[in-house]
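[1] Return a 3D structure for these sequence lines:
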Amino acid sequence: MNYQKYLSDNILKFWLDNAIDYTNGGIFTSLDKDGKIYGREKSVWFQGRALWVFSKTYNSVDKKSEYLKAAECIFNFLPKCTDIDGRMYFTVTEDGKGIQKRRYYFSETFAAIGCAEYYLATGNENARKCAENYFDTAYAIFNNPSLTTPKFNPANAPYKSLSPVMIMLATAQVMRKLDCHKYNAIAKEMVSEIINGGYLRDDVLLEHVYSDGSFADTPLGRTVNPGHSLEAAWFIMTEGVYQNDKSLIDAGLRIIDFSMKRGLFDGGIIAFCDYLGNPPTSLEWDMKLWWPQCEAIIANKMAHMLTGIEKYNTNFKNLLDYTLTHFEDKDGLEWFGYLHYDNTVANPLKGNIFKGPFHIPRLFIWLSLADSNGEVPIL
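    Residues are numbered from 1 along each chain as shown. Just a heads-up that it's a prediction; the model follows:
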């Protein structure tokens, strides 16, 4: 398969043809099967994510001017998505007026990586400054959760969560292209927290543990997200390659092995399961979503590249074939996002507040670079 051609002609073409808002700036993500916009509110997560995708593709895969043009349109929209306190919104109107603001700082982390990659594409010093400011805002909240409303009452439910640590790791891995010393230290800190902070057990990577790292025998504490686990695995292995630390690669391999065992059903990765086999509480637990398949494909391909062990290559091929067979729209461009447990399409949308040009393009950027260089890509 020609990964670069597929990225360009199938995935990015869909978004370039239908989603870039050259009138108001930014990108729409609520697109139906045919690319028609069915909702004009804009996801702020995807302003930063799409900025990264178009800039990264331009920098590393194919220097098409249309990618840089789209990136510029999105970058110029980011100030409208930023409140006067420096925090970003979660959703905005099509012309950039704030609608919803959440406790999470993922809007800032995605804006940071987008601005960083756009800086590398253009040399725009304002983009570099924005990247550092967005990161500093997010990292400050990560270190001091009292700066925002806590998700759980720390007095009664002292949980800590895996996803913020994962996001900070992935963000630092991009940001160290701007300042290796500062962000390399943060990446090491995040990897240590994932491995030593209580999330990683002998046979599971948990989504939530108590703040002291102990196991929480509650529905939340027992929740396993196989897609997150596989995503964390390849983030950790990437760090192992970057730091030349085999112990990190070994940790990632272990996470892949038990996550595939827990998450793989009828060809694809399900959304959630319960660590101890109790009934999962998430209603969508047995659905197959687009993004866990992407993370599983990258993780297994990376594992094979690093070890030569054939089971990972078999997993990679089977997952890629499954995903293209069931998620790809055979009559149009891009992928459907949601499958039922029996692999039938649950919803014909191609995008919403949470699905847009990120996980799928990141997959094919990664595969393009791995295919062309024969080495594990450091995104």
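[2] what are the ranges of the helices in the stretch 151-300 of the chain?
    Counting by DSSP state H, counting those that start in this stretch, the stretch 151-300 of the chain has helices at residues 162-175, 180-196, 226-243, 246-263, 290-307.
[3] Adding distance to L320 as columns, could you present the ones you listed in CSV?
    C-beta here means a position set from N, CA and C on the backbone, and glycine is covered the same way. Formatted as CSV, the helices of the stretch 151-300 of the chain follow (distance: least, C-beta to C-beta, whole Å):
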stretch, distance to L320
helix 162-175, 22
helix 180-196, 26
helix 226-243, 14
helix 246-263, 14
helix 290-307, 5
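[4] Select, out of the ones you listed, the one closest to A346.
    helix 290-307 (11.2 Å; C-beta to C-beta).
[5] That closest one: which residues count as buried?
    290-306 (16 or more other C-beta atoms under 10 Å).
[6] OK, contacts around the residue nearest to D245 when sequence neighbours are not counted?
    Nearest residue to D245 in three dimensions, chain neighbours excluded: E239, at 7.3 Å (C-beta to C-beta, 6 or more residues apart in numbering). Residues counted as contacts of E239 (C-beta atoms under 8 Å, 6 or more residues apart in numbering) are 169, 173, 187-188, 191, 245, 248.
[7] Can you tell me which of those is nearest Y338?
    The nearest member of those to Y338, counting by C-beta to C-beta, is L169 at 26.9 Å.
[8] where exactly do the strands run in the chain?
    30-31, 37-39, 42-43, 91-92, 98-100, 159-161, 208-210, 223-224, 264-265, 268-269, 273-274, 288-289, 338-339, 345-347 (DSSP state E).
[9] Figure out how far the second one is from the centre of its chain.
    A distance of 23 Å separates the C-alpha centroid of strand 37-39 from that of its chain, computed with C-alpha atoms, centre = their mean, to the nearest Å.
[10] Could you list every helix and strand in contact with it?
    strand 30-31 (3 or more C-beta pairs under 8 Å, 6 or more residues apart in numbering; DSSP states H and E).
[11] same for the strand it packs on, what does it pack against?
    strand 37-39.
[12] tell me which residues in the strand it packs on are buried?
    Here strand 37-39 shows G39 as buried, counting by 16+ other C-beta under 10 Å.
[13] quick one on the thing from earlier: export the helices of the stretch 151-300 of the chain to TSV and append columns for distance to F77 and mean pLDDT.
    Listed next are these as TSV, based on distance: least, C-beta to C-beta, whole Å; pLDDT from 0 to 100:
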stretch	distance to F77	mean pLDDT
helix 162-175	20	98
helix 180-196	25	97
helix 226-243	27	98
helix 246-263	36	98
helix 290-307	24	98
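[14] of those, which approaches I378 most closely?
    With C-beta to C-beta, the closest approach to I378 among those belongs to helix 226-243: 5.8 Å.
[15] relative orientation of the closest one and helix 180-196 in degrees?
    130 degrees (axes from the mean of the first three to the mean of the last three C-alpha atoms, to 10 degrees).
[16] circling back: out of the strands of the chain, which is the most enclosed?
    Ranked by mean neighbour count under mean count of other C-beta atoms under 10 Å, the strands of the chain are led by strand 42-43, which reaches a mean of 29.
[17] quick one: that strand to chain centroid distance?
    16 Å.
[18] Partner strands of that strand and their direction?
    With DSSP bridges as the test, strand 42-43 is paired with strand 91-92 (antiparallel).
[19] what comes into contact with the partner strand?
    With contacts defined as C-beta under 8 Å, 6+ apart, strand 91-92 is touched by 41-44, 80-81, 98-100, 353.
[20] which residue sits closest to L253, ignoring its sequence neighbours?
    In this structure, L253 finds its nearest non-sequential neighbour in A303, 5.8 Å apart by C-beta to C-beta, 6+ apart.
[21] Please report how far that neighbour lies from D250.
    11 Å (C-beta to C-beta, to the nearest Å).
[22] Columns neighbour count and distance to N24 on top of the contacts of E239, output as a markdown table?
    Output for the contacts of E239, formatted as a markdown table (neighbours: other C-beta atoms under 10 Å; distance: C-beta to C-beta, whole Å):
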| residue | neighbour count | distance to N24 |
| --- | --- | --- |
| L169 | 22 | 33 |
| Q173 | 22 | 32 |
| A187 | 24 | 35 |
| K188 | 17 | 40 |
| V191 | 25 | 39 |
| D245 | 16 | 46 |
| L248 | 23 | 43 |
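[23] re earlier: could you check how far the residue nearest to L253 is from D257?
    Counting by C-beta to C-beta, the gap from A303 to D257 is 9 Å.
[24] next one: P158
    Counting by C-beta to C-beta, the gap from P158 to D257 is 30 Å.
[25] now the nearest residue to F110 once chain neighbours are set aside: how far from N343?
    Sequence neighbours aside, G48 is the residue nearest to F110 in space, at 3.2 Å (criterion: C-beta to C-beta, 6+ apart). In this structure, G48 and N343 are 32 Å apart, going by C-beta to C-beta.
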